[in-house]
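Asks: coords please:
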Amino acid sequence: MNIEDIEQQIQTNDAVMIYFSGNNCGVCTALKPKIESSFTNNFPKIKQLYINANDYPQIAAHFSIFTVPSLLVYFDKKETKRESRHISVDQLIHNTKRPYDLFFN
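Replies: Purely as a prediction, here's the structure:
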């Protein structure tokens, strides 16, 4: 995986969610399945990408990720949501629903 691959995903998909996690991050490990299932159930048209910031620090730096967990949501090639550290899944779903509905319905 490299920056070009991720940028291509952003350019070729209508919507993309990128979740950055890290090694030895208990919150990242606990949060990932909740985010994954929430996005799969509520936003099936959003492409989901998962990146370990420890394994790919150049990708994290490219997207200005300085802490994990961090999550980016893109609609129509534009970043529309950025969450870091204390991510509320319910609030994330609530805040993503409106742009998702406007874009896809």
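
Asks: tell me where this protein has strands.
Replies: In the chain, the strands defined using DSSP state E lie at 15-21, 47-52, 70-75, 78-84.

Asks: for the ones you listed, which one sits closest to Glu36?
Replies: Among the strands of the chain, strand 47-52 comes nearest to Glu36, with 6.5 Å by Cβ to Cβ. For every residue, glycine as well, the C-beta is placed using N, CA and C.

Asks: buried sites along the closest one?
Replies: Lys47, Leu49, Ile51, Asn52 (16 or more other Cβ atoms under 10 Å).

Asks: hey, what's the closest residue to Phe20 other than its chain neighbours bridged with?
Replies: Leaving aside its sequence neighbours, Phe20 sits nearest to Ser70 (Cβ to Cβ, 6 or more residues apart in numbering; 4.4 Å). For Ser70, the beta-bridge partners under DSSP bridges are Phe20, Ser84.

Asks: can you get me a residue count around Ser70?
Replies: Using other Cβ atoms under 10 Å, Ser70 has 23 neighbouring residues.

Asks: which residues in the protein form helices?
Replies: 3-12, 26-42, 57-62, 89-104 (DSSP state H).

Asks: show me what the first one is packed up against.
Replies: What it means is helix 3-12. strand 15-21, strand 47-52, helix 57-62 (3 or more Cβ pairs under 8 Å, 6 or more residues apart in numbering; DSSP states H and E).

Asks: equivalent analysis for the second one, please.
Replies: Counting by 3+ Cβ pairs under 8 Å, 6+ apart, the packing neighbours recorded for helix 26-42 are strand 15-21, strand 47-52, helix 89-104.
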